[in-house]
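I would like to see how this sequence folds:
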Amino acid sequence: MKSIILILAILFSLISCDKLKQKQQQNVLNELKIEDSLLSVQNAKRMEAAAKSQSIAILVAEDMELSNFNQVLQNGDLAATLLKGRGPYTVFAPEDEAFEKINYAEFNENESAGFSKLFMLNRALPYEKLKAEIIENRHQLLLENMEGSRLEFEEKDGEIYIKSASGELLKLAKPAKASNGFLYKINEIVAQN
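Take a look at the predicted model:
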């Protein structure tokens, strides 16, 4: 009888050990899943921080539709100085097709710098704030750019427009957020007032 009790005790302890091992394995798996999810959250936060840390100069350099504008910024030495700075800046960057109407390749460094500054405001203007200022100013607004000229904006039917050099109204899309301001892409050269 003692041997039967001893065998049962051994079997019971083996079964208990097996269940304990399974429970420990499950706990380890659960801990690994939690670690993985924490790492995913941390990686997502790192990716978000990296996206937020991109300056306007980097956004312009990486956008294939802004290669001509990027070249003008490089020629005027503004990408390395102004647009990598703290800002905040608002930049209205003409897409490549807008440059077909001007001969920007012949600009010297001073002309490039002046031309580049034409598209920049020395303050951050998110879309909603710009819209509010335009509406507050009776649906039109003149803002001085960094070159000293003025950019003309209008609001029509709830949309924001910037006036081009030819007098055409160019609709502004929502801007790209950079670490040092906002980047608006436009499809023509804006007017100097």
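
please enumerate the strands of the chain.
Using DSSP state E, the strands of the chain run over residues 89-94, 120-121, 140-144, 150-156, 159-163, 169-171, 176-178, 181-186.

what residues of stretch 104-120 count as buried?
Tyr104, Phe107, Ser112, Ala113, Gly114, Phe115, Ser116, Lys117, Leu118, Phe119, Met120 (16 or more other CB atoms under 10 Å). The way it works is simple: take the backbone N, C-alpha and C, and place the C-beta from them, glycine included.

enumerate every residue touching the closest residue to the fifth one other than its chain neighbours.
Meaning Gly114. Leaving aside its chain neighbours, Gly114 sits nearest to Glu147 (5.4 Å; criterion: CB to CB, 6 or more residues apart in numbering). Applying CB atoms under 8 Å, 6 or more residues apart in numbering, we find Glu147 in contact with Gly114, Lys117, Leu118, Met120, Gln192.

rerun that using 7 Å as the cut-off
Applying CB atoms under 7 Å, 6 or more residues apart in numbering, we find Glu147 in contact with Gly114, Lys117, Leu118.

run through this protein and note the low-pLDDT ranges.
Applying pLDDT under 70 to the chain picks out residues 1-2, 4-21, 24-25, 27-33, 35-36, 38-53, 105, 191-193.

redo that, cut-off 80
1-53, 79-87, 101-110, 112, 165-166, 189-193 (pLDDT under 80).

and Ala176, bridged to which residues?
Leu183 (DSSP bridges).

ok, it to Asp77 distance?
From Ala176 across to Asp77, the span is 23 Å (CB to CB, to the nearest Å).

what do you get for Ala173?
Applying CB to CB to Ala173 and Asp77 gives a distance of 28 Å.

cool, Lys117 as well?
Distance from Lys117 to Asp77, by CB to CB: 11 Å.

same check, this time on Glu111
Distance from Glu111 to Asp77, by CB to CB: 12 Å.

try Gly158
39 Å.

tell me which of these two has more neighbours.
Asp77 (13 against 7; other CB atoms under 10 Å).

residues touching that one, list them.
Asp77 touches Glu109, Ala113, counting by CB under 7 Å, 6+ apart.
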